[in-house]
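[1] Sequence first, then the predicted structure, then my questions.
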Amino acid sequence: MATATLPLLTPNDFSSDREVRWCPGCGDFSILSQLKKVLAVLNVPREKMVFVSGLGCAGRLPYYLSTYGFHGSYGRAPALATGLKLANPDLQVWVVTGDGDALSAGATHLIHALRRNVDLKILLFNNEVFGLSKGQASPTARPGTRTKTSPEGSFETPLRPISLALAAEATFVARTIDVDVNHMSEVLEKAAAHRGAAFVEIYQNCKIFNDGVFEYATDASIKTDTVIYLEHGRPLLFGRDRNQGLRLNGFEPEAVTLGHGITMDDILIHDERASEPTLAFLLSRLIGPHFPECLGVFRSVQRPTHQQLLDESFLQGDPPRLFEKLLAGDESWLVA
Amino acid sequence: MATATLPLLTPNDFSSDREVRWCPGCGDFSILSQLKKVLAVLNVPREKMVFVSGLGCAGRLPYYLSTYGFHGSYGRAPALATGLKLANPDLQVWVVTGDGDALSAGATHLIHALRRNVDLKILLFNNEVFGLSKGQASPTARPGTRTKTSPEGSFETPLRPISLALAAEATFVARTIDVDVNHMSEVLEKAAAHRGAAFVEIYQNCKIFNDGVFEYATDASIKTDTVIYLEHGRPLLFGRDRNQGLRLNGFEPEAVTLGHGITMDDILIHDERASEPTLAFLLSRLIGPHFPECLGVFRSVQRPTHQQLLDESFLQGDPPRLFEKLLAGDESWLVA
Amino acid sequence: MATHERRVARETPRKTAVRPTAASKPAGAIEERDAVVIRFAGDAGDGMQLVGTQFTMASAAHGNLVCTLPDPPAEIRAPVGALAGVSGFQVHFSSHAIHTPGDRLDALLAMNPAALKANLPDLEPGALLIVNTDTFLPDELHAAGYASNPLQDGLLDSYRLLAAPMDQLNREAVAKVKLIARETGRCKSFFALGLALWLFDRPLDATLRWIRDTYAKNPVMIEATTRSLNAGYQRSAALRTPAVQVRVAKAESEPGRYRQVSGAEALTLGLLAAAHRTGLPLVFAGFPLAPASEILHQLFEMKQPNVKVIQAEDDLAALNLALGASFGGALGVTATTGPGFSLQSEALGLAVMSELPCVVIDVQRAGPSTGIPSKAEQADLLLALHGRHGECPLIVLAMATPSDGFAIALEAARLAIRCMTPVIVLADAYVTGGAETWRVPTLDELPAIDVRHAKPSAGKTFQPYGRDEHLARPWAIPGTPGLEHRTGGMEKEAGTGNVSYNPLNHEEMVQTRARKIDLAVDTIPPLEVNGPPQGDLLVLGWGSTYGAIAAAVERCQRKGMSVAAAHLRHLSPLPKNTGDVLKRYRKVLVPELNAGQLSKVLRDAFLVDVVSLSKVQGRPFLVREIEQKIEELLRNA
Amino acid sequence: MATHERRVARETPRKTAVRPTAASKPAGAIEERDAVVIRFAGDAGDGMQLVGTQFTMASAAHGNLVCTLPDPPAEIRAPVGALAGVSGFQVHFSSHAIHTPGDRLDALLAMNPAALKANLPDLEPGALLIVNTDTFLPDELHAAGYASNPLQDGLLDSYRLLAAPMDQLNREAVAKVKLIARETGRCKSFFALGLALWLFDRPLDATLRWIRDTYAKNPVMIEATTRSLNAGYQRSAALRTPAVQVRVAKAESEPGRYRQVSGAEALTLGLLAAAHRTGLPLVFAGFPLAPASEILHQLFEMKQPNVKVIQAEDDLAALNLALGASFGGALGVTATTGPGFSLQSEALGLAVMSELPCVVIDVQRAGPSTGIPSKAEQADLLLALHGRHGECPLIVLAMATPSDGFAIALEAARLAIRCMTPVIVLADAYVTGGAETWRVPTLDELPAIDVRHAKPSAGKTFQPYGRDEHLARPWAIPGTPGLEHRTGGMEKEAGTGNVSYNPLNHEEMVQTRARKIDLAVDTIPPLEVNGPPQGDLLVLGWGSTYGAIAAAVERCQRKGMSVAAAHLRHLSPLPKNTGDVLKRYRKVLVPELNAGQLSKVLRDAFLVDVVSLSKVQGRPFLVREIEQKIEELLRNA
Ligand SMILES: Cc1ncc(C[n+]2csc(CCOP(=O)(O)OP(=O)(O)O)c2C)c(N)n1
Ligand SMILES: Cc1ncc(C[n+]2csc(CCOP(=O)(O)OP(=O)(O)O)c2C)c(N)n1
Ligand code: SF4
Ligand code: SF4
Ligand SMILES: [Mg+2]
Ligand SMILES: [Mg+2]
């Protein structure tokens, strides 16, 4: 892709002619508009971008973008996108999925796309509920969430998308939130720049069926205490005055306040490039109310992409035979 | 289940009349015979036991046991077993699966059975290859494994079943190996005793398609250096003279030799009951040749079982209405 | 019989202190009708589903026979006033038996311009049109795509218009109650309801009772909604023409307890009844997929001891869960929709091979693939019959009307258990979402379902694949000593159930599994004909087209045509006399909401050149469409 | 034509220093035959597949026409000597056209008692029986279930027995080479092969060349196996009666290059040819599932630039991967077997809705569910035709013979691309595992496949669901500026491809998708008849029954019966003249390896009362079975 000659694109260039059909107040709007801004600065021509999605409110996103798009079936988008990328490695392929789509029917496909390190940008809109199907419990629903299928409150232990992605050998794992538009841009740009599978969980408010679950992380009056912004190589601090931090007590993380003998040296330093994802895993376990939750990049390491490995493998072993030779096989004979 | 009146069972009581159809030399034989020994001492009547399996060589196991059994479809055994347990919570239900069965088609079902903490004993026979389908790459195949579908050697990053089970919120996670019969008994007995989902990875040698891949962990001449046996509350030591151990360097584990300033105090202590599975996760990342691999119980914590939660939830909210009342609905009228 | 005593039974105790009371009834001119079709339409936020349901309840309690069709918008929340956000609810109430919610409207209540725009085409000329004039403002008109105001431009001249400034009248009604704006808005639907109840001379009691129960913890809302309801009921007399009341006489019904029931409710109750009747645990595993999710939701709501409901991790898991439960001795059931049903193909094969009783409800929707979510279609018939690899026969039923859901669920359970086989029940949103008046059976009217668990018999080796007189294998429940056995998806040796690669055994088993399904025919009723036992034309349907076909055929019969109707509830096996019946008519018409799937089945089975009437629009047949086709066929006969 | 020059071409260069050389040919009596059916049978470890393949190669290179059927054991490794571990390989070679690997055996080579036990029933009385006597020891006899030694108890009296102590003779042959026991064992198969080659007067060259290439890095094994082979070839003369040689003359063939090809190889080569011919990338995504895995393995082996092969995470992923690849502009292909094919139902619906060219090969096996792995059956036809929710038509083809795999793969690619639709190819282990002689096409003989990628056209908005004369929508490849569009599983508006809930648009699209498939009929050949153009009986088949039907009909024709054969390679749409052809015969017989699935299709489509001949044993038809049915029908005619 020649980048020099690319015309400058604006976010609006990424709008399709379709009317956006989410509920008023849905967090998806904010994600869509921020995404368009990010796409506009990536220096990738529009026709080289493809958005592949599964089913759910999140899954409608491709209709609202003027790129190529494929609205697949429930949970299978990562597989479809992998095939697309195999056919056409030049494309920048994004996968848009929901918590239900990705973690109920689709968990297998997600896990395998990650371990293969297929060069996909996977955005999981996590609203902790099934939106499009009208309000049932999701695999990420917090205990106690009341839905049509959990009338007394959900009691199954929720899955943590970040923990799972890390266990699935993902090379890039991050989390951001619908309304924190600057943070989202930053994370999406990093995901776009990553070579290999980039997994981004986006906390997203479902206005209708799960309104306000992420309020603690969006309400300016408290979010300094409830959120840690991850920065590579920097101590894990939080709090309005950044005087609180995480330290390790054996393998148990502890939220502490600086002072009274606790110094910056006690505070854990974030390392998104660690050879093993143990710290990232630990951070993925932090949830309120006893801990702040982490936003930002949990892990970002380099590993050859699926395509690179495939190409390398092709060069190994015997070179391919001429097609005529293949046709004739190992033993053939002529009848004159 | 009245236990006092139970007749004493022998391993042989658990043999079915079917001829065992694994390849001579297959690790499955050893697992089967050890399993029968364990079953005989569990004090559970044979008719209360059910073995549910998926497809693969491992999946044939139920045929060789005289308990109830269900040989289901590819990858779906955890779901089928969950339904069985719902219908009949009194049963002791075992799930037998292979690395392909559990982690390719079946990953979604496995993950959900674990997070729900369904009271199932899940045995994953990991031979790092597709056996029954005659030798293709498995999701756990080590890089470089040559199979019919990886002629130049597998290049996809393998999944680690233990990492994945931990990320799926499993309450009991362990690993053992086909030929180490005492260790296997110990682990299987603990799994059977666990209330909730117990996940056990069993390293299993496939004589035909992946022979010797676990030799380092079975060969008596080296296994002391290549294996750490996990013991709760005990330091993570290994080596013929137990003079080597694991210590933590930041978040990076290090294999060290005691002496030269390194003392027992530096050595990590295993804790299978930690509130979060971070240490267990770290241990699940250790692989040769730079690290010894862990055998034993990675994690064992108590959380209410799916059945318990279901029962509790039933007691919450309004009591069930009489069926007659339900039939008549909220508004009905009589025509005389 | 019109003198039958009728009283409304209340099932829920009254808990509230504030007692809503009905306003006194204003007087007016009254017109008698046999039946009326009315549709309530408004913005998704206007509470039309509530208005429709309450109106239906009142009509049913009043003694009419009732048939309804909700039509909620596809969007969860469309922008206010948009066409995509229009929510509709149609009610057909009458003094005689009716079969459908009605083709064309005798009355339309439109809460805003979009609702008018979307529904006006269905309104009969001269029919009653009730409009909330307060919403006919420039923005709303624009959103609905009206260039000029239809209230003024003559568009509505051919209707009996009742123009009511409902926002304003409602605001006045609740002025004295302290409400926030949103609550005032909610009251507006009660105003509309009150107006409709007055117009059609229905009693307020049922609605008042509902208000009391629903807002039991919110006396302010009880006060407000009661005021709105009464205001609508009273104000109507004062409104502009045509303030004429319409009255539909009570219908004659057999004695018994009656209620309204939707198809989804009926199916749910039928499943619960099967559990109740057999004493078996019921395990229902579902994965949300509209419109089948409604059954899952209902089951969560109607909680019962001995019934376990679980949301599975996906559609395939759902059927595996159900099957595992059946193996464990429960009645395992799942409900899904096209995409999930396709996914379950593999698991159905396992169910056929393991010969366990389970029930799969497929609420068909317009496909293929994601298609048009929730729109009705009957295009999964061939999938139900043939959609599994290998020779894989099973029983297929289809429900004909909303209340038939109850009977069909029981029938599915009966056959599954009797024949040890999965049973598929086909439905669609038209029957599961629709509702009708239903005589509630007493417990001892529930049909017998014969459950025989295998018992160990001393000295004999247990034969898990032995057969009884119906060729059913024994149901041996884990936990029973002496019956330990293994089942699964591999071919079984007859009798022992051991895995067998024997070619002749395989052929025998393929034939046995097929014969088992064929034999079920002995326990199902013959195909009945409504009309002359032979003649020019038979109209044969299946599933949700029942109502439209019945109504069309009755109309034609009244016109003196030699036409009969018959309806298949059993699609596999077909009733024994199906071929005979078909051959007694010169022509056979098969109306289907697909491209002719039952036609294929009949042509193959009986070599009869049936005529297919196909409609694939995600919408049910209109009575008129079938009527016209009948007339065309008989004209050319 | 028997004088045609024939020389064997070697495709692989000779690398070895040690040159194996053929022993001089011993003399003996010679008997001429038209054709011979021989089966090699032994323990899984006895190398029977190798012996069979090499024998076939030698026969083909010698100039016979050849048809083979491998029958490997179901178990990966059964205990040595067990019946479950018997591995067989059948070769039919002849001087004239043959259609099947043969019903009954003219010769059997049995390496141990189990092999004898399992295969003796198929041996013609008086036929040649070659036995390795060294294995007829008490343990082996017991494992095979023989109470007494058949070599001694008269059981074999009616055969021409050639009793050879192969273990011993082979040991002597390699005594001078330093081998470990396992290697000596492996050489035994070469001894057996040498013996067979001598008996049937085949040349050793091809095998010697194979030995050289295979053991290029192991001169000791070259030495040893060559010795064994020669010993078998020479020793035979010295063996006990009947040491008579049998000779089958060369067949007449068109000029050209020939090879042996299995169905799996032919399919693979056909897919690669499609990629080669079109210049499109080929993306093959497969999930292992016997017997389809063979195609996946072949593709990994025959690596080619522009071809990507991936093992998916499951069967559903495989089709989604293929579909994603098709969207990306490649030819997306997957191959599976019953259980995986059932799972793919949902994804096929998506493929139909997104109207993208992809190919799904279903190597049918005995079902339902896990069934009997790898055994041949044709019971997925109705699943292929109807196994998706909604009205979901697509193209279905079936391969008739092993070499037809090449043509059918190309035909599938052609139709998928031409019509923008998924195409299903039905096969089974009988055709994919079997092999036959095949004239290798030259590159310019490959059929044309017309690929038209959409191009932006200035000033016009791109219509992703516009249509060409075949009703195909444009294939617009991501990366092309100006053609950005969205597709997926929701109903599309005609032309724009936008999501549409419009009822009439839905009906139009349902009809368009169906008509598109119907229209494909214009590009496929009419059904051809082999035999009289009208008459008493037509035998109509599809898929792998081709050979047995052709052979049976030819036999009956030779007996003077008025019977013709026709074979369907296109099942959806059916060739235009199918109905006409059917109606030209008094009776139509449809032999199928299922319970009568094509019969149903034909009865429905043409209202013809076809007679079904059904066999569901996981085994192909014997020629005799069809012949008998033909005779029976004509007797009763
Ligand atoms: C096979 C299949 N199963 C189920 C569904 C129904 N379905 C559509 S969207 C959805 C839930 C989506 O939830 P999520 O992925 O969290 O997305 P959200 O709507 O919350 O953005 C479900 C269950 C389907 N379309 N297909
Ligand atoms: C739907 C489906 N896909 C694929 C298969 C084929 N299959 C059977 S066993 C197997 C691999 C099993 O591997 P694993 O689970 O590791 O078990 P192992 O044989 O190694 O014990 C496969 C791919 C199948 N039976 N069904
Ligand atoms: S249902 Fe929830 S997630 Fe879906 S569009 Fe509405 S607010 Fe957004
Ligand atoms: S293939 Fe491997 S895993 Fe399977 S039975 Fe043989 S040795 Fe065991
Ligand atoms: Mg969601
Ligand atoms: Mg394995």
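    The structure has been received and is ready for your questions. Numbering: from 1, shown residues only, chains lettered A, B, ... in the order given. Ligands and ions are numbered 1, 2, ... in the order given.
[2] Tell me, what's the model's pLDDT at the most centrally placed residue in chain A?
    Most central in chain A under Cα atoms, centre = their mean is A:V200, positioned 1.9 Å from the mean C-alpha point. pLDDT for A:V200: 98.
[3] ranges for the helices of the stretch 101-250 of chain C?
    C:113-119, C:138-143, C:166-173, C:181-199, C:205-214, C:219-238 (DSSP state H, counting those that start in this stretch).
[4] Any idea what the residue nearest to the centre of chain A is bridged to?
    With DSSP bridges as the criterion, A:V200 is bridged to A:L123, A:A174.
[5] what sits against it?
    A:V200 is in contact with A:K121, A:I122, A:L123, A:L124, A:V173, A:A174, A:R175, A:T176, A:V187, A:L188, A:A191, counting by Cβ atoms under 8 Å, 6 or more residues apart in numbering or on different chains. (Glycine included, C-beta is placed from N, CA and C.)
[6] I am assuming the fifth one contacts A:A280, so please confirm or correct that.
    By that I understand A:V173. Yes - under the criterion of Cβ atoms under 8 Å, A:V173 makes contact with A:A280 at 6.5 Å.
[7] related to what we said a few turns ago, most surrounded residue in the contacts of A:V200?
    Highest neighbour count within the contacts of A:V200: A:V173, with 31 neighbours (other Cβ atoms under 10 Å in any protein chain shown).
[8] for that one, what are its contacts?
    Shown in contact with A:V173 (Cβ under 8 Å, 6+ apart): A:I162, A:A165, A:L166, A:F199, A:V200, A:P277, A:A280, A:V297, A:F298, A:R299, A:S300.
[9] which one among those residues gets closest to chain C?
    Nearest to chain C among the contacts of A:V173: A:A165, at 17.7 Å, using Cβ to the nearest Cβ.
[10] per-residue confidence at the closest one?
    Model confidence at A:A165, given as pLDDT, is 98.
[11] tell me, which of the helices of the stretch 101-250 of chain C is the model least confident about?
    helix C:219-238 (a mean of 88).
[12] Near the closest residue to C:L129 other than its chain neighbours, how many other residues are there?
    In space, and not counting its chain neighbours, C:L129 is closest to C:Y159: 4.1 Å by Cβ to Cβ, 6 or more residues apart in numbering or on different chains. For C:Y159, the neighbour count with other Cβ under 10 Å is 20.
[13] shouldn't C:Y159 be in contact with C:G126?
    Yes - applying Cβ under 8 Å, one finds C:Y159 in contact with C:G126, separated by 6.9 Å.
[14] Next, work out how far apart the residue nearest to the centre of chain A and D:L415 are.
    For A:V200, the distance to D:L415 (Cβ to Cβ, to the nearest Å) stands at 41 Å.
[15] what do you get for A:L309?
    The value you get for A:L309 to D:L415, if Cβ to Cβ is used, is 34 Å.
[16] the more surrounded of these two?
    More crowded of A:L309 and D:L415, by other Cβ under 10 Å: D:L415, with 26 against 18.
[17] so what pLDDT did the more buried one get?
    pLDDT, D:L415: 98.
[18] shouldn't it be in contact with D:P422?
    No - if you go by Cβ under 8 Å, D:L415 and D:P422 don't touch, sitting 9.9 Å apart.
[19] Mind listing the shared neighbours of the two?
    Between them, D:L415 and D:P422 share the contacting residues D:I395, judged by Cβ under 8 Å, 6+ apart.
[20] quick one: average confidence on stretch A:96-116?
    97.
[21] and that stretch, anywhere near chain B?
    Yes - Stretch A:96-116 is in contact with chain B by Cβ under 8 Å from any Cβ of the partner chain, via A:L103, A:S104, A:A105, A:G106, A:A107, A:T108, A:I111, A:H112, A:R115, A:R116.
[22] what sits against A:V187?
    By Cβ under 8 Å, 6+ apart, A:V187 lies in contact with A:A174, A:R175, A:T176, A:V200, A:G296, A:V297.
[23] State the distance from it to D:I477.
    A:V187 is 30 Å from D:I477, by Cβ to Cβ.
[24] C:L415 too?
    51 Å.
[25] Repeat that for A:V50.
    Counting by Cβ to Cβ - A:V50 and D:I477 are separated by 11 Å.
[26] Give the residue from the two that has the larger number of neighbours.
    A direct count of neighbours by other Cβ under 10 Å for A:V50 and D:I477 places A:V50 higher, at 28 against 18.
[27] Tell me the confidence at that one?
    98.
[28] With the one 4 residues further on instead?
    The predicted local distance difference test score for A:G54 is 98.
[29] and what of the one 5 residues further on?
    Per-residue confidence at A:G59 stands at 98 (pLDDT).
[30] surely it meets A:L132?
    Yes - contact criterion Cβ under 8 Å: A:G59 and A:L132 qualify, at 7.4 Å.
[31] list residues touching both of the two?
    Taking Cβ under 8 Å, 6+ apart as the contact rule, A:G59 and A:L132 both touch A:G98.
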